[in-house]
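Student: got a predicted structure plus its sequence, pasted below:
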2 protein chains.
Amino acid sequence: MITQNNRTKESSREKVYKIIKNNIMNGDIPPGTKLSEKEMSEQLDVSRTPVREAFLQLNQEGLLGVFPQVGTIVTKIDLKVVEEGRFVRENIERAIVREAAMKLDAESLLQLETNVTLQEFSLGKGSFQKLYELDDEFHRIMYHGCDKYRTWEMVKQMNVQFDRLRIFRLAVNHQWDIIVAQHKEIFHAITNNDPDLAEKLIEEHLRLVNIEKKALLNDNPSYFA
Amino acid sequence: MITQNNRTKESSREKVYKIIKNNIMNGDIPPGTKLSEKEMSEQLDVSRTPVREAFLQLNQEGLLGVFPQVGTIVTKIDLKVVEEGRFVRENIERAIVREAAMKLDAESLLQLETNVTLQEFSLGKGSFQKLYELDDEFHRIMYHGCDKYRTWEMVKQMNVQFDRLRIFRLAVNHQWDIIVAQHKEIFHAITNNDPDLAEKLIEEHLRLVNIEKKALLNDNPSYFA
DNA sequence: TGGTAGATACAAGTATACAAGTTTATACTA
DNA sequence: TAGTATAAACTTGTATACTTGTATCTACCA
């Protein structure tokens, strides 16, 4: 008899981790900010232990720099790291879309179609935050459809620094119309089982979302290493 | 005035982490083994804290499974994970060797040449452990030569489960002669600035080292999930 | 003999205390 | 006033105590 709630109870560490990560990713805690385990534990009303463990994890992900007996700071964005993330993503995602175009299941295709529709809807309403999430979701569906769960996690991880940049773009007037159009084209290439076209399109696509790097650097020089 | 020793003093956490990881990777602690923070801390003569933090890290790398209030076990090898690692590595490394063949610097070329020479030497002496290290080194040099440091780390991380398999192969009679020959061919393709050939060779190469998967599964079924 | 309730041992999660080292502030000296 | 030495106030690293939940073992009952 399984009456117990299946949802695993979230630990303090996870809670703390998510809170801090979100705050860093959306810029509420800007790069260069000095943090301390003690202060954070008081703010979040937990002990140092879960905070410390969350810090450790964020340090491994490259979002925090921990210096023993000195302090912990939110890392600045290293363009070398961003570039490596793009390199990995381009080479992996090319293979992913090819595979998707050759053998994506009906379920995933439906999800993609729904996603694209929602993108057009959100575009019309100007919901940029929602568009950002749908964008991520669009790519995730392709990875999952090809049974590449861990690969998606890895690509996300390699592009954490890049995603920090993307948040800033949500504020500015952004060429979301082009991005949504590209997503739609990619979707059609997949449904038409055209791996060559899909690969060509995803290449363009990933190159586009990479363009504004320099503009962002000029706007917020203090955020970069 | 910097008279201080530059080498950062190794923390207990790092020590513990390395010890446990090595023991897992070389099979001294076989998959399925149950571990406990307390017991491990007594064996290594440190407190639970650094052990716990090492466990946390190994958990994130997929080598340990941590179950609250129940226990911690060394994960079994999941062939799905191994396959994803191979997928990532093949697609990334194809791009790497192409880049290497087009613009690798003299320093890296020299390192590669030295490495291949050492491989042939070790092959003659039957030093399989050394060959294993040189194999890793050979690929690492190419990544580093292309300024893809983090990419190499990521590929290593994605292939941790696969590397656990490779250890077992050190014991068996292994086709190291073919592998060394392939390394030599790849090296020559790079020096001759032939990206197409280099890509073709690396593809064959990575496919070869992947072959014995099923044999290993039959030999040690209890090690797999 | 089979089965259930309760005690017990043990697991990881969390809180707190202490150690070791760095930075900053302060007061004293030349 | 400038500079230096000392002390105080931080930092993270480590050790230990306590909490909470799980599994197992034992004793008692039908």
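Tutor: All right, it came through fine. Numbering: from 1, shown residues only, chains lettered A, B, ... in the order given.
Student: only C-alpha atoms for contact and neighbour calcs from this point on.
Tutor: Noted.
Student: and chain A, which of its residues are near DNA strand D?
Tutor: Counting by C-alpha under 7 Å from any atom of the strand, the positions of chain A adjacent to DNA strand D are A:35-39, A:49, A:52, A:66-72.
Student: restricted to strands, list the residues you listed.
Tutor: A:Leu35, A:Val66, A:Phe67, A:Gly71, A:Thr72 (DSSP state E).
Student: which two of those have the greatest separation?
Tutor: With C-alpha to C-alpha as the measure, no two of those lie farther apart than A:Leu35 and A:Phe67, at 11.1 Å.
Student: and the two? Which one has more around it.
Tutor: Ranked by neighbour count (other C-alpha atoms under 10 Å in any protein chain shown), A:Leu35 and A:Phe67 place A:Leu35 first, with 17 against 9.
Student: now that one: how far from A:Phe55?
Tutor: 10 Å (C-alpha to C-alpha, to the nearest Å).
Student: check contacts around A:Val97.
Tutor: A:Val97 is in contact with A:Met142, A:Ile190, A:Pro195, A:Ala198, A:Glu199, A:Ile202, counting by C-alpha atoms under 8 Å, 6 or more residues apart in numbering or on different chains.
Student: I misspoke; the intended subject was A:Asp135.
Tutor: A:Asp135 sits next to A:Gln119 when contact means C-alpha under 8 Å, 6+ apart.
Student: next, it: phi, psi?
Tutor: phi -60, psi -50 (degrees, to the nearest 10).
Student: what about the helices in chain A?
Tutor: Along chain A, counting by DSSP state H, helices occupy A:12-25, A:37-44, A:48-60, A:79-103, A:106-125, A:128-145, A:149-158, A:160-171, A:176-191, A:195-208, A:213-219.
Student: tell me the average confidence for the longest one?
Tutor: I take that to be helix A:79-103. The average pLDDT within helix A:79-103 is 96.
Student: sorry, back to before: adding neighbour count and pLDDT, write the contacts of A:Val97 out as a markdown table.
Tutor: Shown next, in a markdown table, are the contacts of A:Val97 (neighbours: other C-alpha atoms under 10 Å in any protein chain shown; pLDDT from 0 to 100):
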| residue | neighbour count | pLDDT |
| --- | --- | --- |
| A:Met142 | 26 | 98 |
| A:Ile190 | 26 | 98 |
| A:Pro195 | 22 | 98 |
| A:Ala198 | 26 | 98 |
| A:Glu199 | 23 | 98 |
| A:Ile202 | 21 | 97 |
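Student: in TSV, list these along with distance to DNA strand C.
Tutor: Shown next, in TSV, are those (distance: C-alpha to the nearest atom of the strand, whole Å):
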residue	distance to DNA strand C
A:Met142	32
A:Ile190	42
A:Pro195	44
A:Ala198	43
A:Glu199	42
A:Ile202	40
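Student: which of those residues lies closest to chain B?
Tutor: A:Glu199 (13.5 Å; C-alpha to the nearest C-alpha).
Student: these two touch, right, that closest one and A:Arg94?
Tutor: Yes. The criterion here is C-alpha atoms under 8 Å, and A:Glu199 meets it with A:Arg94 at 5.2 Å.
Student: show me what from chain A comes close to DNA strand C.
Tutor: Residues of chain A lying near DNA strand C (C-alpha under 7 Å from any atom of the strand): A:Ser11, A:Ser12, A:Arg13, A:Asp45, A:Val46, A:Ser47, A:Arg48, A:Thr49, A:Pro50, A:Gln69, A:Val70.
Student: let's see it at 6 Å
Tutor: Within chain A, the positions lying close to DNA strand C (C-alpha under 6 Å from any atom of the strand) are A:Ser11, A:Ser12, A:Arg13, A:Val46, A:Ser47, A:Arg48, A:Thr49, A:Pro50, A:Gln69, A:Val70.
Student: flag the shaky bits of chain A, pLDDT-wise.
Tutor: A:1-8, A:169-173 (pLDDT under 70).
Student: tell me which parts of it are close to chain B?
Tutor: A:53, A:57, A:81, A:84-85, A:88, A:91-92, A:95, A:148, A:150-151, A:154 (C-alpha under 8 Å from any C-alpha of the partner chain).
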